[in-house]
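A.B. asks: What follows is a predicted structure for the sequence shown.
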Amino acid sequence: MKRFEKKLWLGLFVLALLSPLGIILPEKFGAEGAWGEWGVGALEKMLGYVPEGLKKTADLWTAPIRNYNFGGEDAVLSTRIVSYIVSAFIGIALACIIVLIISRLLKHEK
Amino acid sequence: MHIPDGYLSPQTYVPLYGVSIVCWRIALKKIKKDLSAKHIPYLAMAAAFSFLVQMFNIPIPGGTTGHAVGAGIIALVLGPWTAVIAVSVVLIMQAFVFGDGGITAIGANCFNMAIVMPFVAYWTFNLLKGSSQNTVRVGAAAFFSGYAGLSVAAVSAAFMLGIQPVIAAGPDGTPLYAPYPLSIAIPAMAVEHLFLFSIVEGVMTIALLKYFLKNESTLIYAMNEASREKV
């Protein structure tokens, strides 16, 4: 591997370790989630009802690592921080695996 | 900007799946030609980078959060079609593994962040840079490419959400899916991006482009006149 590429991988590694800033800062500044990404409960509080169609499809899929968090919704911050870093590395690994699969498939098509 | 399941009506998400699938096919065909052994690690790094950058939620004190996407800098360095694939891979992973963005909304989310964003970023860069090699102009072009890319993607997502009450309401007029009209969705999404998140995206784009220019300038797709002809 070239030195430049190594540096880039190192940069990604550092980003993964720093990723918990993405949950710590919002918590410090009292910022909630993103606009338009509310859960069913939050929507009901805001609107007083849950739109019919939304209710039916909102929980269509149960993600294995929901919200980059292994500890469930009530997890303490330290659990969420560890989960976040682990999720970051899982993300890197998955990205590499999927890209590798795509490039293999494309090569075979030739 | 990751639209969850239940926010879009089928008449919105089905066609957007169609558009995204067509774009993925074109993108795969395009990258197949250029995908040398040298480029595979860069494609993997690009996807990993976009995934990580999106984990950095930026807070608006007492308000909402948002984040950069990285699709702009990927489009500049590796080309917009490569960015389509890299960011789509990320969005699909996020939906299935982390519940970030809906499964039904994968087409819509890929359209906004993996198709609209890299192309707007790429076109903006070329438009502003022109044939100039002037450092300041290239830097400004890089900033606005990230800035415009994320902003247009956010407004596109807001548009999808905002039309729901009009195109999908129950017999008594109550919204069936995303409840807020365009008059609320567009300003909400536009303001937070124009004044904060897109600025972060722009600064990141310029910083990384400078880094690549300094260290591996031959790699950069958008600075290569020959490759520019192809898009």
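C.D. replies: Arrived safely. Numbering: from 1, shown residues only, chains lettered A, B, ... in the order given.
A.B. asks: Please, where are all the helices along chain B?
C.D. replies: Assigned by DSSP state H, chain B shows helices spanning B:10-34, B:39-53, B:71-78, B:80-98, B:106-109, B:117-129, B:135-162, B:164-167, B:182-192, B:198-216, B:225-228.
A.B. asks: Would you format those as CSV with mean pLDDT and mean neighbour count included?
C.D. replies: All C-beta spots, glycine's among them, are computed from the backbone N, C-alpha and C. Below are those laid out as CSV (pLDDT from 0 to 100; neighbours: other Cβ atoms under 10 Å in any protein chain shown):
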stretch, mean pLDDT, mean neighbour count
helix B:10-34, 95, 16
helix B:39-53, 96, 24
helix B:71-78, 97, 31
helix B:80-98, 98, 25
helix B:106-109, 98, 26
helix B:117-129, 97, 23
helix B:135-162, 97, 23
helix B:164-167, 96, 18
helix B:182-192, 97, 17
helix B:198-216, 96, 19
helix B:225-228, 56, 10
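A.B. asks: So for chain A, which of the ones you listed sits nearest?
C.D. replies: Counting by Cβ to the nearest Cβ, chain A lies closest to helix B:39-53 out of those; the figure is 3.8 Å.
A.B. asks: and that closest one, is it in reach of chain A?
C.D. replies: Yes - against chain A, helix B:39-53 shows contacts by Cβ under 8 Å from any Cβ of the partner chain at B:I40, B:P41, B:L43, B:A44, B:M45, B:A47, B:A48, B:F49, B:F51, B:L52, B:V53.
A.B. asks: what angle do that helix and helix B:80-98 make?
C.D. replies: Put simply, helix B:39-53 runs at 50 degrees to helix B:80-98, going by axes from the mean of the first three to the mean of the last three Cα atoms, to 10 degrees.
A.B. asks: which residue is nearest the middle of chain A?
C.D. replies: Residue closest to the average C-alpha location in chain A (Cα atoms, centre = their mean): A:Y68, at 4.7 Å.
A.B. asks: swap that for chain B, sorry
C.D. replies: Note: chain B centre (Cα atoms, centre = their mean) maps to B:M113, 2.7 Å.
A.B. asks: for that one, what are its contacts?
C.D. replies: B:M1, B:V69, B:A71, B:V87, B:L91, B:A153 (Cβ atoms under 8 Å, 6 or more residues apart in numbering or on different chains).
A.B. asks: Check A:L8 too.
C.D. replies: B:M45.
A.B. asks: Torsion angles phi and psi at it?
C.D. replies: phi -70, psi -40 (degrees, to the nearest 10).
A.B. asks: Check A:E5 and give its pLDDT.
C.D. replies: Note for A:E5: predicted pLDDT of 93.
A.B. asks: For it, what are phi and psi?
C.D. replies: phi -60, psi -40.
A.B. asks: which one of the contacts of B:M113 is nearest B:P187?
C.D. replies: Proximity of those to B:P187, judged by Cβ to Cβ, is greatest for B:M1, which lies at 15.3 Å.
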